[in-house]
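Q: got a sequence here, can you build the structure:
(chains A and B)
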Number of protein chains: 2
Amino acid sequence: MISVAVDAYGGDHAPQEVIKGIEFALRENSDLFVYLVGKEGELKGFIKGFEDSFRKRINIVDAPQVVRMSDKPSQALRLKNSSMAVGINLVKEGKADAFMTAGNSGAAMALAMFTLGRIKGVSRPAIATLLPTLEGQMLMLDVGANVDCKPQHLLEFSIMGYVYAKHVAGIDNPRVAVLSNGSEPGKGNQLTLSSYDLLSKSRLNFIGNIEGDEIYKGRADVVVCDGFVGNVVLKVSESIPDLIIEFLKEEIKRSFWYKIGFLLAKPAFRVLKSKTDYSSFGGAPLLGVRGSCIISHGRSNGVAIKNAILKAVKFSKEKVNDKIESAMEGCFVLKELKGAVRT
Amino acid sequence: MISVAVDAYGGDHAPQEVIKGIEFALRENSDLFVYLVGKEGELKGFIKGFEDSFRKRINIVDAPQVVRMSDKPSQALRLKNSSMAVGINLVKEGKADAFMTAGNSGAAMALAMFTLGRIKGVSRPAIATLLPTLEGQMLMLDVGANVDCKPQHLLEFSIMGYVYAKHVAGIDNPRVAVLSNGSEPGKGNQLTLSSYDLLSKSRLNFIGNIEGDEIYKGRADVVVCDGFVGNVVLKVSESIPDLIIEFLKEEIKRSFWYKIGFLLAKPAFRVLKSKTDYSSFGGAPLLGVRGSCIISHGRSNGVAIKNAILKAVKFSKEKVNDKIESAMEGCFVLKELKGAVRT
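A: Numbering: from 1, shown residues only, chains lettered A, B, ... in the order given. Just a heads-up that it's a prediction; the model follows:
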């Protein structure tokens, strides 16, 4: 049995889609136990219709407060009885093996750091996400937790990303790159130029800068950037497939034969959509905190929630955090850099 | 007759594609005269095969040095006889009405600033680019000139973008937004949070923050960001249509009917490609310098070069710079902000 604390009131479509996702997850993994955290009265009503075998694997934990999307992390920290705070606390207390929310990512990050603490050697935990490439997939971090970063933070992201890509995604000696505005070593802003220097001296398999148009070509396995840039890249990427389909629809209206062609090829588009849709990637791990936390997209539907819960299970089972801690102990960084990593 | 100085040695496919683009542009605009700047001996050979009527409208100007893509702006400034420096100087001397390059954008920016100077009231010229949206198009800036910015720079970008969108793209009272990691006012990094405050006090039609997934939905007419973020967004955006087509091709192989469907609808894809392809947008104006300069994509082919040259013609004809200067004189900014704009 593995247990996940789920924030029932996180996300744009909470609690309805969260409840749906939990039902899907319980069906898919018979070893799963869920702590359903939120307004007890309401939640009881929501799971009334569940099969008995599912209801037995749910424990509702009351948490009357809700962290809103617009709340600042500092505001969220004051809400001791929010579904997010109570859920993370269940991990702290050792009751739950992992935590999942589709709520405010900045708040989740702050609460996880405050409640669970950081892994030894990590000063800035980060949100990482897997993205599809022409070659398979790659891990990008940070995608939202840290909007203003220093070079040593990008070094930490690189180490955590390297460990995750190696031990969870199963990539041998993952290639690490810094996202920049040019592939040449001299291209970048203050942050990426200094990060480049720092990474060049590390023992990571650092392949240099990567430009925006190379991310999805699969040239690197781990791409690091600050959380502001990562968030923008992620959201731009998500929006373009829809844009293209809208443009295509306009064009297709122009000819009877285009319409027929589009109808014939339509199933291919559906597969495409699932390949580029965030919901099938199942949530982003928060790397660097002492606990397995998955943050799902704010717009998550039931399927996305399910995938995020199942990823939380895997995150805990794979003991990713222990492996990060070992890596931070110096395996991947030259001795003279240790100070930089730990400040 | 309107004359454009063209950097023959700028861009990944220079000089061949540049020469091709010049031929296309001369054919399309019979009023165009081109100063072809670069290694005279080589260039003579390249235009040998041109029609007489085209050759008469070309003047080769010798410039033996070349600014490389990897050169830092400071290195480029030392190359007094580079095709880029000599071309921009033709504008300074009043011989050419405009300048076009597909070379190193940071170098072009530095040389244009150094040689032509800034428009009164502008401290940081920016590279702006038009992008397609579901509603039409929008202008994004900066997309590469200024990798590290201060809030007053984003205010300047907003004013220049507003003027360009209003007077060149013909949009009445353009909506200006700051690109951020959340649409709420409290979301952003240090730069965008302070820029939000500054823009709120301006007389611009400021609509607040815009997230990455809203850019292409047409919610704003002018989107401002620092040049690092703008560059990354542009390159990510360019790469995704190709990624989608690759994924689709994989899927289409799986069924005979998908193949037939794809073949029937193929022309629609071609139109799509031209709609999202940077080359049809014809280069990005450098806003804020005393001269009409267009920077085309480094990977420009002949068609992209042609469109960039024709955009340089329009930029000059529309007297965009005079209009920016008037706007910077205070039309769009409250008096107490003037200091901030001019520092």
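
Q: low-confidence regions, chain A specifically.
A: A:271-282, A:330-343 (pLDDT under 70).

Q: can you pull the domain assignment for chain A?
A: Domain assignment of chain A by automatic domain parsing yields the ranges A:1-122+A:288-318, A:128-278.

Q: tell me how far the longest helix that chain A contains lies from the chain's centre.
A: What stands out as the longest helix in chain A, according to DSSP state H, is helix A:227-252. Between the centre of helix A:227-252 and the centre of its host chain there is 19 Å, according to C-alpha atoms, centre = their mean, to the nearest Å.

Q: after that helix comes which helix or strand?
A: Moving toward the C-terminus from helix A:227-252, the next helix or strand (DSSP states H and E) is helix A:256-276.

Q: now for that following helix, which elements pack on it?
A: helix A:227-252, helix B:227-252, helix B:256-276 (3 or more C-beta pairs under 8 Å, 6 or more residues apart in numbering or on different chains; DSSP states H and E). C-beta here means a position set from N, CA and C on the backbone, and glycine is covered the same way.

Q: specify the beta-bridge partners of the spatially most central residue of chain A.
A: Nearest to the geometric centre of chain A sits residue A:284, at 1.1 Å (C-alpha atoms, centre = their mean). Under DSSP bridges, the beta-bridge partners of residue A:284 are residue A:295.

Q: do the same with the one 5 residues further on
A: With DSSP bridges applied, residue A:289 shows beta-bridge pairing to residue A:118.

Q: and it, how far is that from chain B?
A: For residue A:289, the distance to chain B (C-beta to the nearest C-beta, to the nearest Å) stands at 20 Å.

Q: for residue A:325, same thing?
A: Taking C-beta to the nearest C-beta, one finds residue A:325 at 29 Å from chain B.

Q: got a list of what the closest residue in space to that residue that isn't next to it in sequence touches?
A: Closest residue to residue A:325 apart from its sequence neighbours, by C-beta to C-beta, 6 or more residues apart in numbering or on different chains: residue A:119 at 5.0 Å. Residue A:119 is in contact with A:125, A:288, A:289, A:290, A:321, A:324, A:325, A:328, counting by C-beta atoms under 8 Å, 6 or more residues apart in numbering or on different chains.

Q: rewinding a little: residue A:298 is in contact with the residue nearest to the centre of chain A, correct?
A: No - taking contacts as C-beta atoms under 8 Å, residue A:284 lies outside contact range of residue A:298: 11.5 Å.

Q: on that earlier part again, and the helices and strands packed on helix A:256-276: which comes nearest residue A:51?
A: helix A:227-252 (33.8 Å; C-beta to C-beta).

Q: now the angle from the closest one to helix B:227-252?
A: Helix A:227-252 and helix B:227-252 are oriented at 50 degrees to each other (axes from the mean of the first three to the mean of the last three C-alpha atoms, to 10 degrees).

Q: does chain B have contacts with helix A:227-252?
A: Yes - Helix A:227-252 lies within reach of chain B by C-beta under 8 Å from any C-beta of the partner chain, at A:227-229, A:231-241, A:243-244, A:246-248, A:251-252.

Q: now the buried members of those.
A: Neighbour-count burial (16 or more other C-beta atoms under 10 Å in any protein chain shown) applied to the residues of helix A:227-252 next to chain B gives A:227-229, A:231-241, A:243-244, A:247-248, A:251-252.

Q: what residues does the stretch 1-150 of chain A have near chain B?
A: Residues of the stretch 1-150 of chain A lying near chain B (C-beta under 8 Å from any C-beta): A:69, A:70, A:72, A:132, A:133, A:134, A:144, A:147, A:148.

Q: which of these tops the neighbour count?
A: The residue in those with the most neighbours, by other C-beta atoms under 10 Å in any protein chain shown, is residue A:144 (26 neighbours).
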